[in-house]
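Enquirer: coordinates for the following, if possible.
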Amino acid sequence: MPKWYESSNTACWGFLCGQLLWSVRVLLVIAQLEKVRKRYGIGGGADDDVLEAVFCAHCALVQAQKEVVVREKGGKEQQYEGHTERMVMVPGEQRREEPAEQTQT
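Expert: Residues are numbered from 1 along each chain as shown. Predicted structure coming up:
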């Protein structure tokens, strides 16, 4: 083997530490989401929590926080609701920008 070869170098250890920290973060997010679900009787399951924790942990934590705030203000039966209207584009009613007026010099 060449002299420069190492079976475990700094890059390997750095990658391993990064993966361990990422795994701990995911586990903490999953635990927090499960805690909120149980406390307020929110449906869903561990598979949803895992996907949210892996792909968008920040979003999941913000949503959980909003849910807690709304339920604490309005009771446990009230649930956070975002926009309830569907976005629908009606044919023929598209917004068109008017051309800017030109000034003569």
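
Enquirer: scan the chain for its longest helix.
Expert: helix 10-40 (DSSP state H).

Enquirer: list the helices and strands it packs on?
Expert: Under the contact criterion of 3 or more CB pairs under 8 Å, 6 or more residues apart in numbering; DSSP states H and E, helix 10-40 touches helix 46-55, helix 57-74. C-beta: built from backbone N, CA, C; applies to glycine.

Enquirer: got the angle for it vs helix 46-55?
Expert: Per axes from the mean of the first three to the mean of the last three CA atoms, to 10 degrees, the angle that helix 10-40 makes with helix 46-55 is 140 degrees.

Enquirer: quick check: buried residues in helix 10-40?
Expert: Applying a neighbour-count criterion of 16 or more other CB atoms under 10 Å, one finds 26, 29-30, 32-33, 36-37, 40 buried in helix 10-40.

Enquirer: can you redo the helices and strands packed on helix 10-40 as a markdown table with mean neighbour count, mean pLDDT and distance to residue 6?
Expert: Below are those laid out as a markdown table (neighbours: other CB atoms under 10 Å; pLDDT from 0 to 100; distance: least, CB to CB, whole Å):
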| stretch | mean neighbour count | mean pLDDT | distance to residue 6 |
| --- | --- | --- | --- |
| helix 46-55 | 14 | 90 | 31 |
| helix 57-74 | 14 | 88 | 34 |
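
Enquirer: kindly export the helix or strand bottoming out on mean pLDDT in the chain (C-alpha atoms) in PDB.
Expert: Lowest on mean pLDDT, DSSP states H and E among the helices and strands of the chain sits helix 57-74, with a mean of 88. Output of helix 57-74 as PDB, limited to C-alpha atoms (Å, rounded to 0.1, in the frame of the first residue of the first chain):
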ATOM      1  CA  ALA A  57     -37.700  19.000   9.400                       C
ATOM      2  CA  HIS A  58     -37.900  22.800   9.700                       C
ATOM      3  CA  CYS A  59     -41.300  22.900   8.000                       C
ATOM      4  CA  ALA A  60     -42.600  20.000  10.200                       C
ATOM      5  CA  LEU A  61     -41.500  21.800  13.400                       C
ATOM      6  CA  VAL A  62     -43.100  25.100  12.300                       C
ATOM      7  CA  GLN A  63     -46.400  23.400  11.500                       C
ATOM      8  CA  ALA A  64     -46.300  21.600  14.800                       C
ATOM      9  CA  GLN A  65     -45.700  24.900  16.600                       C
ATOM     10  CA  LYS A  66     -48.600  26.600  14.800                       C
ATOM     11  CA  GLU A  67     -50.800  23.700  15.700                       C
ATOM     12  CA  VAL A  68     -49.800  24.000  19.400                       C
ATOM     13  CA  VAL A  69     -50.400  27.700  19.500                       C
ATOM     14  CA  VAL A  70     -53.800  27.500  17.800                       C
ATOM     15  CA  ARG A  71     -55.000  24.600  20.000                       C
ATOM     16  CA  GLU A  72     -53.800  26.300  23.200                       C
ATOM     17  CA  LYS A  73     -55.700  29.500  22.300                       C
ATOM     18  CA  GLY A  74     -58.900  27.800  21.100                       C
END
